[in-house]
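>>> got a structure for you, letters missing:
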C-alpha cells in the first residue's frame, strides 16, 4: 500500500481494457505506439488473471504474465506492474521479471512506482526467489535514477538480445 491509502491488487479479467490502455500510455511515453501489437482480445488470452472465486492455492487463470494494478482511494487506476516468472540456473531458484512498470503522469511523485516495485519484490520473496529483474531504455534517465535510488544496479556487462519477426521464424525452422 502507498502512504496515501492507495492499494495494489492483481488484475482480474475485467481489467483487460485498463491494462491495454496503460500499455498504450506507456508506449506513447516511450514514443513507440506504432510498435504495440497487443489487443484486448490477445491480452485476455495470454495474461493470467486473479480469480477470487478459486479455492486453489494459486487463484489465477492460466496465462503467461500477471499484472499488479495500483488503485487510488477514489477508485481510479494510477499504474501497473506487469511481470512474469523466470528462473536462474546460477541460484537454482525462480525470480520475477518486471516487463512493464507504468504510473500515469498525473499520479507520479507520490511513491506509486516504488509501491509497485515493492509488490514485485514481495512476490519474489513469496515464491522463494532471489532476483527481481527489469530493463530500462538507456535514454530514460529519470527512470534510471529512480531505479538506482531503490538500490537497483545497472547490469552493463550484459547485452540484451532478441530474435523476432522473420529472424525468429528462420531460427525456428
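Now that the structure is in, tell me what you want to look at. Bear in mind the structure is a predicted one, so any value in this text is a computation, not a measurement.

>>> could you pull out the strands in the protein for me?
Using DSSP state E, the strands of the chain run over residues 7-10, 66-71, 77-88, 93-103, 132-134.

>>> avg pLDDT for stretch 73-87?
Averaged across stretch 73-87, pLDDT comes to 97.

>>> where in this structure is pLDDT low?
Low-confidence segments of the chain (pLDDT under 70): 1-3.

>>> now distance to residue 30 and mean neighbour count too, for the strands of the chain, in a markdown table please.
Every C-beta, even on glycine, is put in place using the N, C-alpha and C of the backbone. Formatted as a markdown table, the strands of the chain follow (distance: least, Cβ to Cβ, whole Å; neighbours: other Cβ atoms under 10 Å):
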| stretch | distance to residue 30 | mean neighbour count |
| --- | --- | --- |
| strand 7-10 | 23 | 16 |
| strand 66-71 | 18 | 23 |
| strand 77-88 | 14 | 20 |
| strand 93-103 | 10 | 19 |
| strand 132-134 | 14 | 18 |
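
>>> need these in a markdown table (columns: distance to residue 18).
Formatted as a markdown table, those follow (distance: least, Cβ to Cβ, whole Å):
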| stretch | distance to residue 18 |
| --- | --- |
| strand 7-10 | 12 |
| strand 66-71 | 7 |
| strand 77-88 | 5 |
| strand 93-103 | 11 |
| strand 132-134 | 21 |
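
>>> out of those, flag the one nearest residue 165.
Nearest to residue 165, of all the strands of the chain, is strand 93-103, at 19.0 Å by Cβ to Cβ.

>>> against which helices or strands is that closest one packed?
Using 3 or more Cβ pairs under 8 Å, 6 or more residues apart in numbering; DSSP states H and E as the contact test, the elements touching strand 93-103 are helix 16-29, strand 77-88, helix 112-126, strand 132-134.

>>> ok, residue 69 - contacts?
Shown in contact with residue 69 (Cβ atoms under 8 Å, 6 or more residues apart in numbering): 8, 9, 10, 11, 15, 18, 19, 77, 79, 80.

>>> which one of the strands of the chain lies closest to residue 24?
Closest of these to residue 24 is strand 93-103, at 10.1 Å (criterion: Cβ to Cβ).

>>> and the closest one, how far out from the chain middle?
Remark: strand 93-103 is offset 5 Å from the chain centroid, using Cα atoms, centre = their mean, to the nearest Å.
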